[in-house]
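Asker: Curious how this folds, go ahead:
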Amino acid sequence: MRFRMTIMPRQETSMPGMGGMNSGGGLTGGKGLTMPSGATSGIVAGGNTPKSGGLGGMMGNIPGLGSLAGGQQGIILSPDEIVSVDVSISDYSINQTSSSEANVTVRVSGKLLSHVEENESGLPLSMSSMLSGFAATGVSELTSGLSKGIQVLGSTFAGGLTSTLSGMMGKFGGSALGLGNLYQKNIENTKELAKWALSYGESTDYRDIVLEMVITEGVSKSYVLPDMYVTDYNESSDIGSGNGHFSMTLKQKRYSERKIEIE
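Answerer: Numbers count the residues shown, from 1 in each chain. Modelled structure (predicted):
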């Protein structure tokens, strides 16, 4: 099994007249934004993202809400960098929300690369195959998982992915990703993950993610994860183990009107 995680930053836009409101369990700032019980969040397995009423539905229709800031690039964790992924789905323990809201947690473990034994550029989800596909056809037909992500998350995600891959091609000199570039990319990725974990009350707190899992040839599964934030990030390394390791835990913003989808 192999994994790839594509993370695109989003820019939060506050509603006029509502900034800083925090009363009776209402809107709060920073990570884990909470909203009144009229708004819901959860998971959709396939199909179209449903629309909910109340404040959550109204906010979802505001132009610019959650739009990508111009020029921002995302993070793409390749199969060479990801060791394991754990997805946990449960009800919140609060009685009034437990029947309508899912508590979604994603845990990712990966490598701080210092040694890669072989070049796996031809295998599914590799960065070289992704860059080659982008050079040939753009972002629309890279993989079924990313196509679903673009369908669900829209032009914001597509624009961020285009900007990220274009930047990588310019930095690495085309669609060929050599071993030295892989080490450089891994360092940049882990630096950006640590910065994301440090952010609080900023436009980059919440990001949209597509997690792709290839089980075997032609058999895959993808999670489209909107409005995710980091609850913890850890790194460990020593001179005797070859590669270092990182781990992070992600959660979806509570009462997000944007549903998680599984394909």
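Asker: Can you tell me what sits against whichever strand or helix holds residue 249?
Answerer: For residue 249, the element it lies in under DSSP states H and E is strand 244-252. Strand 244-252 is contacted from outside by 32, 41, 83, 103-112, 114, 190, 193, 197, 209, 225-238, 260, using Cβ atoms under 8 Å, 6 or more residues apart in numbering. Placement of C-beta: from N, CA and C, glycine included.
Asker: and residue 235, that's in a helix?
Answerer: No: judged by DSSP: H, G, I helix; E, B strand; the rest coil, residue 235 forms no part of a helix; its state is strand.
Asker: quick one: contacts for it?
Answerer: 112, 190, 194, 244, 245, 246.
Asker: Out of those, which is nearest to residue 10?
Answerer: Of all those, residue 194 has the smallest distance to residue 10: 18.8 Å, by Cβ to Cβ.
Asker: measure that closest one to residue 249 for me?
Answerer: According to Cβ to Cβ, to the nearest Å, residue 194 stands 14 Å off from residue 249.
Asker: cool, and residue 261?
Answerer: According to Cβ to Cβ, residue 261 stands 21 Å off from residue 249.
Asker: more neighbours, these two?
Answerer: Between residue 261 and residue 249, counted using other Cβ atoms under 10 Å, residue 261 has the larger neighbour count: 23 against 17.
Asker: can I assume that one sits in a helix?
Answerer: No: per three-state DSSP, residue 261 lies outside any helix segment and is strand.
Asker: Roughly how far does it sit from residue 151?
Answerer: Distance, residue 261 to residue 151, by Cβ to Cβ: 9 Å.
Asker: Check residue 10 too.
Answerer: For residue 10, the distance to residue 151 - Cβ to Cβ - is 17 Å.
Asker: So if I had to pick from those two, which one is more boxed in?
Answerer: Taking neighbours as other Cβ under 10 Å, residue 10 and residue 151 compare with residue 10 leading, 25 against 15.
Asker: Make sure the more buried one is actually in contact with residue 208.
Answerer: Yes: using Cβ atoms under 8 Å, residue 10 is in contact with residue 208, at 5.9 Å.
Asker: who touches both of these two?
Answerer: With Cβ under 8 Å, 6+ apart as the test, residue 10 and residue 208 both reach 156, 227.
Asker: where exactly do the strands run in the stretch 51-200 of the chain?
Answerer: 75-77, 82-91, 102-112 (DSSP state E, counting those that start in this stretch).
Asker: ok, and which of those has the densest surroundings?
Answerer: Each of these was scored by mean neighbour count; the highest is strand 75-77, a mean of 22, by mean count of other Cβ atoms under 10 Å.
Asker: Would you mind getting the angle between the lengthiest helix in the chain and strand 244-252?
Answerer: Under DSSP state H, the helix in the chain containing the largest number of residues is helix 179-198. Between helix 179-198 and strand 244-252, the angle comes out at 40 degrees (axes from the mean of the first three to the mean of the last three Cα atoms, to 10 degrees).
Asker: Residues contacting helix 179-198, please?
Answerer: The contact list for helix 179-198, computed with Cβ under 8 Å, 6+ apart, reads 7, 75-78, 80-81, 110-114, 116, 119, 127, 168, 171-172, 177, 204, 207, 230, 232-233, 235, 246, 248.
Asker: could you say what helices and strands the following helix or strand past that helix packs with?
Answerer: On the C-terminal side of helix 179-198, the closest following helix or strand by DSSP H and E is strand 207-216. For strand 207-216, the packing partners by 3 or more Cβ pairs under 8 Å, 6 or more residues apart in numbering; DSSP states H and E come out as strand 2-9, strand 82-91, helix 144-153, helix 155-172, strand 219-236.
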